[in-house]
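J.: Take a look and give me a structure for this.
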Amino acid sequence: MHLTDKQRVEKLEYLDNDWKIEDQLLVRSFDFKNFIQAFSFLEKVAKIAENKNHHPQIYNNYNKVVIKLITHDIGSISSKDFDLASEIDKVK
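T.: Next comes the predicted model:
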């Protein structure tokens with residue numbers, strides 16, 4: 001379901017404050033102590049994403065992870081993205 005800008009802002013309030021909307025994507029950066037912790041986090045996110053059949057764009061550089069969410073079917077941020085972001089917030 002396509003969300004209006006107002007709905008996106010409202011849903012953003014329910015997520016961790018580190019989530020932002022950038023370039024029509026829901027984005028959050030994570031910092032870890034080392035690569036092993038970052039990779040462990042990525043494994044957990046991958047399992048959640050696979051179970052939800054909703055796969056984020058993930059970027060990893062040593063201890064930093066950036067996750068970008070968009071619903072590709074509609075070409076914008078949807079409720080599916082906010083649901084996945086909420087589940088990712090529970091992992092860290």
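J.: This protein: helices as residue ranges?
T.: With DSSP state H as the criterion, the chain has helices at 5-12, 35-52, 79-91.
J.: in the shortest one, what's buried?
T.: Pointing back at helix 5-12 there. For helix 5-12, the neighbour count (16 or more other C-beta atoms under 10 Å) marks 8, 11-12 as buried. The way it works is simple: take the backbone N, C-alpha and C, and place the C-beta from them, glycine included.
J.: Can you tell me what sits against it?
T.: 3, 19-21, 26, 77, 79, 82 (C-beta atoms under 8 Å, 6 or more residues apart in numbering).
J.: ChimeraX command for the buried members of those?
T.: In ChimeraX syntax, the buried subset of those is picked out as below (16+ other C-beta under 10 Å):
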select :3,19,21,26,77,82
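J.: Where strands are concerned, which of the contacts of helix 5-12 count?
T.: Counting by DSSP state E, the contacts of helix 5-12 place 20-21, 26 in strands.
J.: so how far is the worst-scoring helix or strand of the chain on mean pLDDT from its chain's centroid?
T.: Ranked by mean pLDDT, DSSP states H and E, the helix or strand of the chain with the weakest confidence is helix 5-12, at a mean of 93. Its chain's average C-alpha position is 15 Å from that of helix 5-12, according to C-alpha atoms, centre = their mean, to the nearest Å.
J.: Now do the contacts for the residue lying closest to S86 once chain neighbours are set aside.
T.: In space, and not counting its chain neighbours, S86 is closest to L15: 6.3 Å by C-beta to C-beta, 6 or more residues apart in numbering. By C-beta under 8 Å, 6+ apart, the contact list for L15 reads 82, 85-86, 89.
J.: Thanks a lot, see you next time.
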